[in-house]
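Student: whatever this is, show me its structure:
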Amino acid sequence: ISGDGFKTLAEGQRVQFTVTQGQKGPQAENIVSI
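Tutor: This is a model prediction of the structure:
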C-alpha cells in the first residue's frame, strides 16, 4: 500500500491498483487509496 504511515485498509474503502502475475497467480501491486 503506497503512502506514509501505518498501512491499513478499511472495509469498503476504494483503492486503485495494478494487477501483476505472481508465483501463485494474479496479485495486486502499487495499491493507492482513492
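Student: which strands border the worst-scoring helix or strand of the chain on mean pLDDT, and is each parallel or antiparallel?
Tutor: Using mean pLDDT, DSSP states H and E, the weakest-scoring helix or strand in the chain turns out to be strand 25-33, at a mean of 93. Sheet pairing here is set by DSSP bridges, and for strand 25-33 it gives strand 15-22 (antiparallel).
Student: any idea how far the partner strand is from the chain center?
Tutor: Relative to the centre of its chain, strand 15-22 is centred 7 Å away, using CA atoms, centre = their mean, to the nearest Å.
Student: which ones are touching the residue nearest the centre of the chain?
Tutor: By CA atoms, centre = their mean, the chain has its centre lying nearest to Ile31, at 3.0 Å. Residues in contact with Ile31, defined by CB atoms under 8 Å, 6 or more residues apart in numbering, are 1-2, 15-17. Yep, even glycine has a C-beta here, placed from its N, CA and C like the rest.
Student: what does Ile34 give?
Tutor: Contacts of Ile34 (CB under 8 Å, 6+ apart): 14-16.
Student: mind checking how far it is from Gly12?
Tutor: Look at Ile34 and Gly12: by CB to CB, to the nearest Å, they are 13 Å apart.
Student: same question, Gly22
Tutor: As judged by CB to CB, Gly22 and Gly12 stand 25 Å apart.
Student: out of these two, which sits in the busier spot?
Tutor: Gly22 (10 against 5; other CB atoms under 10 Å).
Student: returning to that earlier point: and the least confident helix or strand of the chain, what's buried?
Tutor: Applying a neighbour-count criterion of 16 or more other CB atoms under 10 Å, one finds nothing buried in strand 25-33.
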